[in-house]
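1. Here is my input, please return the structure:
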Amino acid sequence: MTEEGQPKKKKRGLLRIIISFTSLAVLCYVVISLISGQGLGFSWIGDLFAADEHIELTDEYHFNIGRGRVFADLDNALAAAGSLGVQVLSYSGTELLRDSFQMGTPAISSCNGRAIAFDIGGTGVRVFDSNEIITSVTANGPIVSASISQDGWFTVCAQEGGGYKGTASVYNSNGSMVYKVSLSSGYVLSAVLSPDNRSLAVLNLTDTGSRITFYHGLDKEDADSAFDYTDGLILDIYYMTNGDLLAVTTDALILIESARGTDAVVFSYPSMRLGGYSISSDFIALHLLDFGIGNRGRLMTLDSFGNLFGEVATERELISMSLRDGYVAVMFSDGLFVYDRRLNEIALSDDSPSAAGVSRLLKLEGSATLVAGDRFAVVVRTEREHSE
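-> Below you'll find the model as predicted:
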């Protein structure tokens, strides 16, 4: 090798390290934003309105649980996680639960009446419902993410051993660890369980892009299949009811057959940037933005095969979005808007909640209860009332 070739090789190696750490920083920011609820909401909305009904503001709730408060819905109660622990209030404002522990960067997620609160970069985890703490877990390294399933099983992803090494641990509904995956390469970002709790999908960042590894049966160390994505970055993964995995990437929605790791592009958006999304078992909502033109873009709804239901042009900042049962609730910078599956707008009352201070739309359910949380720990509830 010539003396001229050695500096060039060192420069290429340094450039590769810089690119890897830049990608890692971007993905960590995305994970923290999405999990902490400071970006988009991933919760549900339900059947809402008849022609003779409208929505009116009724109550406001305040939590006292420290700084950095984030919120989740527990069906008939509201949960908050903050720097001082977790707190649950009923819809009447009565405190149902409080548990004190320290968190530096609180995060919370809920599903089917249970919530998981955890400290991003710390080690503390609490799983609870509206009545009690079900289990407490201390991770062996800094927590990256956590998720909870319909029947209370949950996953915790953490860094252990330094470098890019990470783990994904699976716990049953009683809080007992039943499976653990340790990766010696790649940075673990998140993990989700299949609907039957028999398969685990782990998302991690690699030197060339993103990788999803699948572990079926939760009874062996080696992965059964893997899916590598090098055309961009995978931001989120979501198990569909049929067992296939939906991957949200920077430029496409991809459906992956977990048994073999084969994929099919559901919907592609390479000429636009992803502003937000929300996913349910029966359809998907996307907010796509034009590059370099502020908030101008499109709000779209489609099924899991990529068939378009509806599309509307937008020029406002989208703060939060939720969907369920054929309805979409969107908090834009100038207020709350509700649409049906085909994005026909449904009229709300003049005094429906404004977007001032709101950082996450949590839920709009069949009883027309809207829960929205902001950085100042104010939660707003609305009720359905018949118009005269």
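
2. Which parts of the stretch 1-150 of the chain are helices?
-> 5-36 (DSSP state H, counting those that start in this stretch).

3. for it, which spans come out with low pLDDT?
-> Applying pLDDT under 70 to the stretch 1-150 of the chain flags the ranges 1-61.

4. Tell me the buried residues in stretch 272-280?
-> Residues of stretch 272-280 classed as buried by neighbour count (16 or more other CB atoms under 10 Å): Met272, Leu274, Gly275, Gly276, Tyr277, Ser278, Ile279, Ser280. For glycine as for every other residue, the C-beta is placed from the backbone atoms N, C-alpha and C.

5. Tell me which of the residues you listed fall in strands.
-> Of the buried residues of stretch 272-280, the ones assigned to strands by DSSP state E are Met272, Leu274, Gly275, Gly276, Tyr277, Ser278, Ile279.

6. Export those as TSV, with columns for distance to Gly152 and pLDDT.
-> As requested, those are exported to TSV (distance: CB to CB, whole Å; pLDDT from 0 to 100):
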residue	distance to Gly152	pLDDT
Met272	38	93
Leu274	31	93
Gly275	33	91
Gly276	28	90
Tyr277	26	91
Ser278	23	88
Ile279	21	88
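
7. Closest one of those residues to Tyr91?
-> Ser278 (23.3 Å; CB to CB).

8. and that closest one, what are its bridge partners?
-> On the basis of DSSP bridges, Ser278 is bridged to Ala285.

9. I figured it hits Leu299, correct?
-> No. Using CB atoms under 8 Å as the test, Ser278 is too far from Leu299 to be in contact (10.7 Å).

10. Report the set of residues contacting both of those two.
-> Ala285, Val328 (CB atoms under 8 Å, 6 or more residues apart in numbering).

11. ok, back up a step: quick one: which of the buried residues of stretch 272-280 is nearest to Phe227?
-> Ile279 (17.9 Å).

12. if I look at that closest one, how far off is Val192?
-> 12 Å (CB to CB, to the nearest Å).

13. Any chance you could list residues touching both of these two?
-> With contacts taken as CB under 8 Å, 6+ apart, Ile279 and Val192 have Tyr238 as neighbours in common.

14. can you give me the end-to-end distance of stretch 103-118?
-> Using CA to CA, to the nearest Å, the end-to-end distance of stretch 103-118 comes out at 8 Å.

15. likewise stretch 266-273?
-> Across stretch 266-273, first to last residue, CA to CA, it's 16 Å.

16. Could you give me the buried positions within it?
-> Val266, Phe267, Tyr269, Met272.

17. Pull the number of nearby residues for Ala146.
-> Neighbour count for Ala146, taken as other CB atoms under 10 Å: 28.

18. So in terms of bridging, what pairs with it?
-> Assessed by DSSP bridges, Ala146 has beta-bridge partners Val156.
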